[in-house]
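>>> I need the structure of the sequence given here:
(one chain, ligands or ions: 1)
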Amino acid sequence: MTVKRVTTVTLQEMKGRGEKITMLTAYDYPIGRFLDEVGIEVVLVGDSLAMVGLGYETTLPVTMEEMLHHVRAVGRGVRRALLVADMPFGSYQASVEEGIRNAGRFLKEAGAQAVKLEGGGEVANLTRRLVGVGIPVMGHLGLTPQMVHQFGGFKVQARTATAAEHVLDEALLLEEAGIFALVLESIPWQVAQVITKELRIPTIGIGAGSCCDGQVLVTNDLLGLFDDFTPKFVKHYAGLKETITGAFMQYRQEVKDGQFPGPKHAFSLDETESRRWEQHLARRHRQIKTIGRG
Ligand code: KIV
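Numbering: from 1, shown residues only. Purely as a prediction, here's the structure:
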């Protein structure tokens, strides 16, 4: 059965009718599939993969090849949602040409339908060119984690009126450059509210309050799978770390106690083969005894 795919146009229509957009991250096939099955509209293979999946302290080390590998895996599970690939640090900053080549790889080799770029004015030209060649671009402003060293840590942005106005101007510039949606991360809700009103395209908030047109979280945060640190904006919808470690502990104990595997987890010979097996063993014993005596 063919499934109707969520597109950039769908998201625009949702903003038009005031229907909230849901977006979550995925890094592998099963999570991609589950998100798709429950009707999440946008699945982002975020470069947060570096931190929550690969154990790095920032998002900076993840490479193009690693991102492509994970986008392909997620893509195999996502049939309905819009699949967005995050452009990793270093894959689009050196030149517009390199950015176009790398963005193209996500659509051509990994099955993404759009890419996400962090930054404002500095990515406006690249955004225009990508949109011009048919690659939809999602923007990302506020706390852009690829700038963590420039910001001096994962800090809330746009906390002053001047800084807030700068983010608003950048948002308008990106809209003019052709982005189809804008992620707003870790900014005061009042700033996100105004940006959401001023833009025609949808805003997707993470730590930006409830006025945005949609919301996104890092799935591993939502599931309680990542506890290195928890930003204020994260809500744990499940405590999977406890569930998972509980299961591991129980398995370990049952193996040590000889409780697992039980009879229902074992394969058995049927009656005929069981008899033959006994006969084979008896013959082997007789042969060994004969050889032993000779
Ligand atoms: O990398 C990521 O997961 C993101 C989301 C937090 C928006 O950029």
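
>>> so what's Val133 up against?
Counting by C-beta atoms under 8 Å, 6 or more residues apart in numbering, Val133 touches 100, 104. Every residue, glycine included, has its C-beta placed from N, CA and C.

>>> Next to the ligand in this structure, residues from the chain, please.
25, 44, 46-48, 86, 140, 183, 206, 216, 218 (C-beta under 6 Å from any ligand atom).

>>> nearest to the ligand, of the residues you listed?
Gly46 (2.2 Å; C-beta to the nearest ligand atom).

>>> pretty sure the closest one contacts Asp86?
Yes - between Gly46 and Asp86 there is a contact under C-beta atoms under 8 Å: 4.8 Å.

>>> what touches both of these two?
Lys116.

>>> what helices or strands is the longest helix along the chain leaning on?
As assigned by DSSP state H, the longest helix anywhere in the chain is helix 271-293. Applying 3 or more C-beta pairs under 8 Å, 6 or more residues apart in numbering; DSSP states H and E, we find helix 271-293 packed against no helix or strand.

>>> Output it in PDB, but only the C-alpha positions, please.
What follows is helix 271-293, C-alpha atoms only, in PDB (Å, rounded to 0.1, in the frame of the first residue of the first chain):
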ATOM      1  CA  GLU A 271      11.400 -38.800  18.800                       C
ATOM      2  CA  THR A 272      12.900 -40.600  15.700                       C
ATOM      3  CA  GLU A 273      16.000 -38.400  15.600                       C
ATOM      4  CA  SER A 274      16.400 -38.600  19.300                       C
ATOM      5  CA  ARG A 275      16.500 -42.500  19.100                       C
ATOM      6  CA  ARG A 276      19.000 -42.300  16.200                       C
ATOM      7  CA  TRP A 277      21.100 -39.900  18.100                       C
ATOM      8  CA  GLU A 278      21.300 -42.300  21.000                       C
ATOM      9  CA  GLN A 279      22.300 -45.100  18.600                       C
ATOM     10  CA  HIS A 280      25.000 -42.900  17.000                       C
ATOM     11  CA  LEU A 281      26.400 -42.100  20.500                       C
ATOM     12  CA  ALA A 282      26.400 -45.800  21.500                       C
ATOM     13  CA  ARG A 283      28.300 -46.700  18.300                       C
ATOM     14  CA  ARG A 284      30.800 -44.000  18.900                       C
ATOM     15  CA  HIS A 285      31.400 -45.200  22.500                       C
ATOM     16  CA  ARG A 286      31.900 -48.800  21.200                       C
ATOM     17  CA  GLN A 287      34.400 -47.600  18.500                       C
ATOM     18  CA  ILE A 288      36.400 -45.600  21.100                       C
ATOM     19  CA  LYS A 289      36.600 -48.600  23.400                       C
ATOM     20  CA  THR A 290      37.800 -50.800  20.500                       C
ATOM     21  CA  ILE A 291      40.400 -48.300  19.400                       C
ATOM     22  CA  GLY A 292      41.500 -47.900  23.000                       C
ATOM     23  CA  ARG A 293      42.000 -51.700  23.400                       C
END
